[in-house]
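Student: how would this look folded up:
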Amino acid sequence: QVQLVESGGALVQPGGSLRLSCVTSGSTFSHLTVGWFRQAPGKEREFVAAISRIATYTRYADSVKERFTISRDNAKNTVYLQMARLKPEDTARYYCAVSTTLSEAEILYSYWGQGTQVTVSS
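Tutor: Sure, this is the predicted structure:
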């Protein structure tokens with residue numbers, strides 16, 4: 001069983017930055033891929049970014065490339081999502097999840113956190 005807790009969401013102005021954190025429990029964290037997804041009101045949840053177990057590989061949605069950076073600290077069981085140049089369309093609830101595979105497919109992620117709200121508005 002893996003538990004995930006997201007934090008760092010906030011109200012931020014367009015063009016601003018935020019760093020989200022995802023802290024996980026369990027000794028298997030370093031063996032798992034971690035992904036970030038988001039869900040805006042009235043929309044389906046979508047892939048944002050993912051990082052492989054030893055951070056060798058990362059993957060990003062086209063909509064966040066060059067603006068978001070995913071990283072991990074296995075010693076702290078934590079994955080980060082650094083978000084820059086935020087846009088109103090980035091407004092969503094952001095979730096982290098774990099998988100055994102580096103993938104954009106939500107179905108391959110088995111444990112999920114409760115999410116943290118990011119609102120980009122002036």
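Student: tell me the centre residue of this protein?
Tutor: Centrality entry for the chain: nearest residue to the mean C-alpha point is Trp36, 2.5 Å, by Cα atoms, centre = their mean.
Student: apart from its neighbours in sequence, what residue is nearest that residue?
Tutor: Val48 (4.2 Å; Cβ to Cβ, 6 or more residues apart in numbering). All C-beta atoms are positioned from the backbone trio N, CA, C, and that covers glycine.
Student: go through stretch 113-120 and flag the buried ones.
Tutor: Gly113, Gly115, Thr116, Val118, Val120 (16 or more other Cβ atoms under 10 Å).
Student: from the chain's centroid, how far away is that stretch?
Tutor: Put simply, stretch 113-120 sits 10 Å off its chain's centre (Cα atoms, centre = their mean, to the nearest Å).
Student: same deal with stretch 39-56?
Tutor: For stretch 39-56 - counting by Cα atoms, centre = their mean - the centre lies 5 Å from the chain centre.
Student: C-alpha coordinates for that stretch, PDB please?
Tutor: What follows is stretch 39-56, C-alpha atoms only, in PDB (Å, rounded to 0.1, in the frame of the first residue of the first chain):
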ATOM      1  CA  GLN A  39      -8.400  17.900 -13.500                       C
ATOM      2  CA  ALA A  40     -10.100  21.200 -14.300                       C
ATOM      3  CA  PRO A  41     -13.800  21.800 -13.500                       C
ATOM      4  CA  GLY A  42     -15.900  20.100 -16.100                       C
ATOM      5  CA  LYS A  43     -13.000  18.400 -17.800                       C
ATOM      6  CA  GLU A  44     -11.400  15.000 -17.700                       C
ATOM      7  CA  ARG A  45      -8.300  14.400 -15.700                       C
ATOM      8  CA  GLU A  46      -5.200  14.800 -17.900                       C
ATOM      9  CA  PHE A  47      -1.500  13.800 -17.800                       C
ATOM     10  CA  VAL A  48       0.900  16.600 -16.800                       C
ATOM     11  CA  ALA A  49       4.300  15.000 -16.200                       C
ATOM     12  CA  ALA A  50       6.000  11.800 -15.000                       C
ATOM     13  CA  ILE A  51       9.400  10.800 -13.700                       C
ATOM     14  CA  SER A  52      11.100   7.400 -13.700                       C
ATOM     15  CA  ARG A  53      12.200   5.800 -10.500                       C
ATOM     16  CA  ILE A  54      15.800   7.100 -10.500                       C
ATOM     17  CA  ALA A  55      14.900  10.200 -12.400                       C
ATOM     18  CA  THR A  56      16.700   9.000 -15.500                       C
END
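Student: no further queries at this time; thank you.
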